[in-house]
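A.B. asks: Build me a model from this:
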Amino acid sequence: MFQVTATTLAEYLDFDRARRSDLVGLHALLRKAAPDLRRHFHKGTPAGEPGMRMKMIGYGKFRYTVKSRKTVEWPVIGVALQMSYISVYVAVTKAGAPIVPNYAGQLGELRMGRNNFSFERFADLKTTSLSSLFAELPTYSNLIRKILFDACRVDLNRAASETLGSRAVTGQRVSPIWDFARWQACAS
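C.D. replies: Residues are numbered from 1 along each chain as shown. The predicted model follows:
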């Protein structure tokens, strides 16, 4: 199994020198299209804790509560080195549906999943479409900070109840794949 052993952002970028330029190119595009999503090193969750153990480059952060009531931090966008490709994970949906499939065949992707895609080289990507995808995300990430998270310190389930009032669905676990479009009516 392929495993990145980096412990810092700099080490992650240098882990596979042959693909460093691909990560740097993606970063430059992301910074231009979604400047509010700050880059950071996501170290994964420790063994025995909920969440994915995968190390990756994160853009933006949010917290979600799992069934055990523990809180997990996750990037809004995650970029992960795989053995022979790079994966981009998007933790935002729009109107209840993943955003990434709306761009199927338009990104220059190697493969596409539910709300992620993979590529081998940055040069293979169609940067105009990719910029459009990333430009959709700051709107939703701003809602994370402004409405639900209070700088990522508020439990999402409690915040959703407070924000939605009588519209909150009690006892329903909130998914880590966020649908911020449904919260927009509550923002005003």
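
A.B. asks: quick one: what helix or strand has I77 in it?
C.D. replies: strand 71-81 (DSSP states H and E).

A.B. asks: Let me see the contact set for H42.
C.D. replies: 55-58, 73-75, 78 (C-beta atoms under 8 Å, 6 or more residues apart in numbering). Where you see a C-beta, it was placed from the backbone N, CA and C, and this is true even at glycine.

A.B. asks: From the contact counts, what lies against the strand holding I77?
C.D. replies: Packing partners of strand 71-81 (3 or more C-beta pairs under 8 Å, 6 or more residues apart in numbering; DSSP states H and E): helix 20-33, strand 39-42, strand 56-65, strand 86-90, helix 127-143.

A.B. asks: where does M52 land on pLDDT?
C.D. replies: Model confidence at M52, given as pLDDT, is 82.

A.B. asks: Could you give the bridge partners of I57?
C.D. replies: F41, V79 (DSSP bridges).

A.B. asks: what about T8, how many neighbours?
C.D. replies: 10 (other C-beta atoms under 10 Å).

A.B. asks: whoops, I mixed them up, T127
C.D. replies: Quick note: T127 (other C-beta under 10 Å) scores 17 neighbours.

A.B. asks: Tell me which residues touch it, please.
C.D. replies: L29.
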